[in-house]
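# All I have is the shape, not the residue letters:
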């Protein structure tokens, strides 16, 4: 009886249970990625439906499986750490290598609002992964202490720190300026494109000299930095025009086709 109680008090018993459950839970997901059978859009009826009628979770699922080699790579990045968890000597290495994967999978499920079951499973796997690391906390502390002890051999260099700080600030400043300008760009044609409220312009008729062309029901969207897209009444993307420039003072709009770098100028008015 005492031997049984003593055995049940051993942390290694519970560590073994947790690492085996985690490994057995990850291996099937790894294999299905390697065989490219996980990220598949089902049922086949979805293939014939307009994209507006397909749920966001289904689109996200299909997107994750868009690249075959990347899907296989993800599978091996899950399989190798899972196999390492099966052996006591490599348990810590497997748990450390697997942690970025379990965090990433959980965040993807939450951010893309995938199915409740996948959210719950990914959370359980993440908690199991963290539990293994908690059991191995002493080993982690020892590794950190070794790294810190080696780092103490190098003296703090104030000049190096100052140079690095200045570089980060300067590069960050110049990198942020065009991005902030891009984010905040607005005009009477674009609308609030950044917050998904662009203005949709519908071309109902065109007048050239004394001739009026029939309505083609083009839907045009003007974006930041001169980006332009236009859809025809058949829903297909019209690529005759790729970009535009706007002169607000002269109320002049210039459209740039692929074959004409000079562009064509039009006068416009907004009523």
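Yep, it's here. Please read all numbers here as calculations on a predicted model, not as lab measurements.

# Please make it C-alpha for all contacts and neighbour counts, starting now.
OK.

# Where does pLDDT dip in this structure?
Per-residue confidence for the chain (pLDDT under 70) gives these ranges: 1-9, 11, 42-52, 193-197, 204-217, 232-239, 258-260, 271.

# All the helices of it, residue numbers only.
2-8, 11-34, 56-64, 68-84, 91-111, 116-135, 137-151, 158-184 (DSSP state H).

# and those as CSV, adding mean neighbour count and distance to residue 40?
Below are the helices of the chain laid out as CSV (neighbours: other CA atoms under 10 Å; distance: least, CA to CA, whole Å):
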stretch, mean neighbour count, distance to residue 40
helix 2-8, 9, 44
helix 11-34, 18, 10
helix 56-64, 15, 6
helix 68-84, 19, 11
helix 91-111, 19, 16
helix 116-135, 18, 15
helix 137-151, 12, 39
helix 158-184, 11, 34
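
# and the residue nearest to the spatial centre of the chain, how far is that from residue 126?
Nearest to the centroid of the C-alpha atoms of the chain, with distances taken as CA atoms, centre = their mean, sits residue 108, at 7.9 Å. Applying CA to CA, to the nearest Å, one obtains 13 Å for the distance of residue 108 from residue 126.

# Same check on residue 132?
For residue 132, the distance to residue 126 under the criterion CA to CA works out to 10 Å.

# Then residue 134?
Computed as CA to CA, the residue 134 to residue 126 distance reads 12 Å.

# How is the protein divided into domains?
Residue ranges for the structural domains of the chain, counted by automatic domain parsing, are given in the record as 2-151, 191-267.

# Put together CSV for the ones you listed, with distance to residue 168 on each row.
Formatted as CSV, these follow (distance: least, CA to CA, whole Å):
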stretch, distance to residue 168
domain 2-151, 23
domain 191-267, 26
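
# Residue 171: which of those domains is closest?
Smallest distance to residue 171 across the domains of the chain (CA to CA): 22.0 Å, for domain 191-267.
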